[in-house]
Every structure is written in structure tokens, then in C-alpha cells.
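Chemist: give me the fold of what follows.
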Amino acid sequence: MTLRSIAYKNLKGNFHKYVMYYLSNTLVVMVFFIFANFIFNPAVSDIKYMGTKGALATNALIVCEFVIIVFSIFFTSYSSSSFLKSREKEFGLLSMFGMTKSQVRRYVIYENMIVSLISIATGLGFGILFSKLFFMAISAIIALNVEIPFIVSIKALIITIFSFLLLFQGVNYISSFRIKNNNIIELLKGARVPKPIPKFSIFKAILSILLIGLGYGMAVFSGMAIIVTMIPIVIVTVAGTYLLFTQFSILITEKLKQNNSLFYNGVNMITLSQIIYKLKDNAKVLFIVAVSGAVALTASGTVYSLQQSFASGFLSENPHDISILEKGITSHNVIELDKVEEIAKKNNEEVKYKNEIVLFDAKNNDINHSAHSFYVMSNSDFNILAKQQRKKNIDLDSKEALVYKYKAKTIGSNVKDNFIDDSTLNLNVNDNVESYDIVKEINEGVINLNYKTPNVIVVSDEAYSQLNKSIPENKKVVYYSYNFKNWKQSTNTVNEIAEFIDEKDIEARHFKERITNYNAVMEETTLFLFIGAFIAILFFIATGSIIYFKLFNEIQKDKQEFISLKKIGMTDGEMKKIINTQTLLVFFLPFIVAVIHALFAIKALSNLLMQSLYLYLFVIVAIYFVLQLSYYIFAKTMYARQVKTF
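Modeler: Presented below is the predicted three-dimensional model:
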């Protein structure tokens, strides 16, 4: 029997040990090939065919390819070393049957080569299968006007095959030298060598909490200085997390063991005694998983938060799909309204809302205020817009006013209420000054943002009527606005309308549309979110696989323990409870730590942007939780099935 046949039979008989390693490698190869197949697609590199959007997507994916390779090196290296460490007894048996150390190494290399080749072949197969779907998704995300033709790039195939053959076999060859030179007796003892009682340092355990607390405190209170304090925060938080798993977790478990009412309740004696060893043995793994999870959650949460924050802010300042400002009643000096509706009808664009509102200019006489220019709007007109925009209606008295002020916000700037400390506003309308009590100031738009006059003041119908009489017809401003039912798909309609608008009117914001800028930014951020999701899923599956490996590397020892417990009367239900508790802790302890780390990271970002981003992070956390729960159920089921086979 050759070494190759022995390696093949061993793989076949112990497939459950390798299944997650194989699936993880397959997924990595698949994603790498899909990205490479896109990058080397001739249509993508043709600027004339795809424009700059193709170049943007290509550059983003090239960066991802490097991330995948670096991550694969780490993952494969760790997985290989974990396998070797858990197989000392097997290597002892092989040595006893006459294998030399070099033959054992070759046997391990053959074994890993088989897994690598199958992973590469399967990954390429699924990569080819899903490439077209990926092309369609990218085309939709960056709104390409052309279809990316489906091809299987020979260059992408060659690069993928050689990259991962070199990577897998290089790591496996280096890892094979970690096989110990212990004598056969020591190797045969393997995991049966009694483990020392886990020890911990109270000082280091307390230090872990202090370091993490320091990191959290710096994240919360740094404000704009977060750009400078970011690296120190990461260093102290990572150091604290390492000590949390290696020291503090052992301390807590020991304290629980000292609680007699808890320790001697049911199977807790067995559960806690085993958990303390599992925490000590898996401390570094749990630390790596927690930090990786925090990075994945924070990165995904940041991109998603920035995208959604931009979308909500942009739409709140520009509530109408297109708007037209014309000086003078019925002047139509910007565009004929019939033309707008004609173009919309031609493009099968259904008009959801159409408004025509008469405004007029006003000035704030108080020079201490930064808000000087206003458009005056009537209470009735405001309520019409409020209903469309799902805002609350108002009912103002004759001397009351509501101020709508645009945010004009940048990163690190706070939006201040100009009138929060004042009860009155002296409003100058055509040299007539009237005083109004400010009932509320709101920092968003009720009409589309206009930089020349970036504020709106709403007064009662009675006050509006009186002011309106003093304004000549040619000085009044008419605000026309349209909202389309499928506004995100109305780019062609808007562009066609813009062709009839004089360039000076567009520059002066007499004509304003929100679709072009909104779609452009959303396309770019969605692309990064989409690619980031791929990378985050790789992180998730790989870190979950690492936990899976650790569980199954110790399965023979655990099986012997459960056989002994079964002999002294432990029921299947009690065994199931122990397994569930142990696997739950191993899977969800790093998850909880990762989520808490991500919450404080997003808090720092929220402080920087001066707005809460937690809602968006919770969406990412919910998705991560569902994936983690699925992984936990799968691993627990497989683990219990193997343990019970005695």
C-alpha cells in the first residue's frame, strides 16, 4: 500500500474532520475566481464599453483579491497546524508500523494535496457556475447600461489554480516540519497525557477589563480626536481582549465552581469542570475569532451606516425628485411645465405628487444670526407638503412661525439651532419688518435645497396673506415640484428634462434634481458594501471553521470521557445538555465580545459624524447572528453525532 493510498483512505474515513476545512477552501477559491473572472473580462477593461464604473469595480476587486490571499495564508496555516497537533497518536502508530519521520511528512503532504486539489476543482466549478450571476449583480449595482458578456477567462483560471496550489502546498509543506521528534511512546500517549490545572493571574484578569474599558472610554470621549486616538484604542482593546479570554474567562469559571449551589446542581459539576479546560485550550482561538468578528462587523456596519446615513440625509434635504424655481408669477422662464409632463408621459413615468407653491424672499434683521435669507411659505402649503413627506401638520397663530433650516453639515460639524435661545424673529419682507414667535426649528428640508436661500419660514395663512399683498408679482417666486412613483429609475426622464434647461439656471439651482447624485453615490457605496459582504462572509466561515476544527480535534478525548460518564449512569439527555452548553459558549462568547467591540467602534463613528448609526449596525448584527446560529446548530449536531458513536 502506497503513502498516497493510505492518505486517500484516511481522508475517506475521517471526512467529518475535514469537511469544514474543505468547504472553507472551496468558498475562498470560488470567490477568488469569480473576482478574477470579472477583472480579466475583456469588456470590463474596455473603458469605451463600460466607462469608468468598470475601472472602479475592477480596482475594488483587485484589492479584495489580495485580502483573500493574505487571509487564506493565515487560515490554511492555522488549520494545518491544528490538524497536526491533534494527530500525534496517529503519527505514533504510523511510526510504530515502520514509517520514518520523512515518510510521515510526505503522507501529510499527500493528504493535504488531495484536499487542496478537490477544493480547487470544486471552487472553480462553482465559480464558473455563479460567475454570470455575479456579473448581473455587479451590473445592477453600478447601473451599467450594457451587459457584461459571460466568458470563462483562461487567465483567471490559470492565476486561480497556480495561486492556490502554491499557497496550499507551500503552507502544508512548511507545516509538515512542525511534526514533533518525540519518541513513539510519547506520540502514542497523545491527548491522554493529563492536562495541568488551568492557572490564571488575578492581576492580568483585572487588567483585561481595565484595558478594554480604557479602549471603550477613548472611543466614546475622543470626539474629533478619534482620528488620532484610533491606533491606541485598537492596541489596548486587542490586548485587553487577549487577556479577557486567557485570564478573565478562567477567573469567572473558577468563581462559578466555588458557588456550591450552582456547582452541585445537575450536571453543572461536569459542565463547569470541562468548560474551564476548553476555555484555556481554546483561548487564543476565541481571541482570534472575537477580533476577526469585530473587524468584520465594524467594517460592514461602517459601510452600510455611511450609505444609509447619506441616503436619509440627502433625501431629507431634497424631498422632491425635480424642482423648478421661477421668478415672477406665470413667467415660465426656466421651462414650460407642459414640457416636463410631456417628457414624463413619453417615458411612462407616473407622477405621484405635483406641487405649485408661491414663495417670496425675506431677510432676518438680526445680524447675530447666521441664518439671514428665507423663503416665506404659508401654513396651508406647508401642510400639503407635510402630508406628502409624512411630516406632522401644524396650525400656527398669526404671530407664530416655524423655521426649516438646511443642515449644511460636514463630518465633525454639529448642527446648531440658530433660534433655540430666542423667542422672536424680526422678518424683513420688502422693507416691512414683522416679529414672529419661533415655535420650533427643524434642520431638514421641506423643499429642495437651494444654497442661495437655504432656509424656509412657515407663517400662518393670515400673516402670509398680509405679507403677500406687499410683494409685486414679478418679485414672487414660484416653486414647482414633481415626485415620480418609481423615482430611482427615472434617470432618463430627468436627463431629458435637463436638456431643455439653460445651463445658467442649473448652476443657479433654479432647476434641481436629486436622482443623478443619489444614484451615483448609492451605486459606489453599494458596490463596496456588496464586495465587503463577500469578504465578511469569508471571515465568518473561516473563523467558524476554526472553532469547528478545535471541537473535532478533541473529539476522541471527549468521546472517552462521555463513555466513562455513560458507564456511571449519565443519561443521553444530560450528555446533550453538556454538549449544548459547551458548544454554545465556544461559538457565542467571541460573538458577544465582537458585537460589543463593534458597538463602541460605531459609537466613535457616530460621534465623528454627529449622528446615531446604531440602527444600521443592528441590521448587520442580526444577519451575523443568524449565520452564527446556523453554524452553531450544524457544529453541535455533527459533534453530538460523533460523540454518541460508541
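
Chemist: give me the neighbour count for the closest residue to Val433 other than its chain neighbours.
Modeler: Closest residue in space to Val433, ignoring its immediate chain neighbours: Asn426 at 5.6 Å, by CB to CB, 6 or more residues apart in numbering. Every C-beta, even on glycine, is put in place using the N, C-alpha and C of the backbone. Asn426 is flanked by 14 other residues according to other CB atoms under 10 Å.

Chemist: what about Asn426, which SS state?
Modeler: The three-state label given to Asn426 by DSSP: H, G, I helix; E, B strand; the rest coil is strand.

Chemist: surely it touches Ile438?
Modeler: No: counting by CB atoms under 8 Å, Asn426 stays clear of Ile438, with 11.1 Å between them.

Chemist: what about the helices in the stretch 101-250 of the chain?
Modeler: 101-141, 154-176, 184-189, 202-221, 226-243, 249-257 (DSSP state H, counting those that start in this stretch).

Chemist: with mean pLDDT, mean neighbour count and distance to Val291 added, can I get these in CSV?
Modeler: CSV is the format used below for the helices of the stretch 101-250 of the chain (pLDDT from 0 to 100; neighbours: other CB atoms under 10 Å; distance: least, CB to CB, whole Å):
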stretch, mean pLDDT, mean neighbour count, distance to Val291
helix 101-141, 85, 18, 26
helix 154-176, 87, 17, 21
helix 184-189, 55, 15, 33
helix 202-221, 92, 17, 12
helix 226-243, 90, 17, 6
helix 249-257, 81, 17, 15
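
Chemist: which one, of the ones you listed, ends up nearest to Glu462?
Modeler: Glu462 lies closest to helix 202-221 among the helices of the stretch 101-250 of the chain, at 48.9 Å (CB to CB).

Chemist: so what touches that closest one?
Modeler: 226, 229, 232-234, 236-237, 239-244, 246-248, 250-251, 600-601, 603-604, 607 (CB atoms under 8 Å, 6 or more residues apart in numbering).

Chemist: contacting residues around Phe134?
Modeler: By CB under 8 Å, 6+ apart, the residues touching Phe134 are Ile34, Phe38.

Chemist: again, only using 10 Å
Modeler: Shown in contact with Phe134 (CB atoms under 10 Å, 6 or more residues apart in numbering): Val31, Ile34, Phe35, Asn37, Phe38, Gly127, Ile148, Phe150, Phe530, Phe534.

Chemist: for the last one, which non-adjacent residue is closest in space?
Modeler: Using CB to CB, 6+ apart and skipping the chain neighbours, the partner closest in space to Phe534 is Val31 (5.7 Å).

Chemist: pretty sure the one you found sits against Gly127.
Modeler: Yes: the pair Val31 and Gly127 passes the contact test of CB atoms under 10 Å, sitting 7.7 Å apart.

Chemist: isn't there a strand covering Ala362?
Modeler: Yes: counting by three-state DSSP, Ala362 is found in a strand.

Chemist: write down the beta-bridge partners of it, one by one.
Modeler: Phe374 (DSSP bridges).

Chemist: and it, how far is that from Ser435?
Modeler: Applying CB to CB, to the nearest Å, the value for Ala362 to Ser435 is 13 Å.
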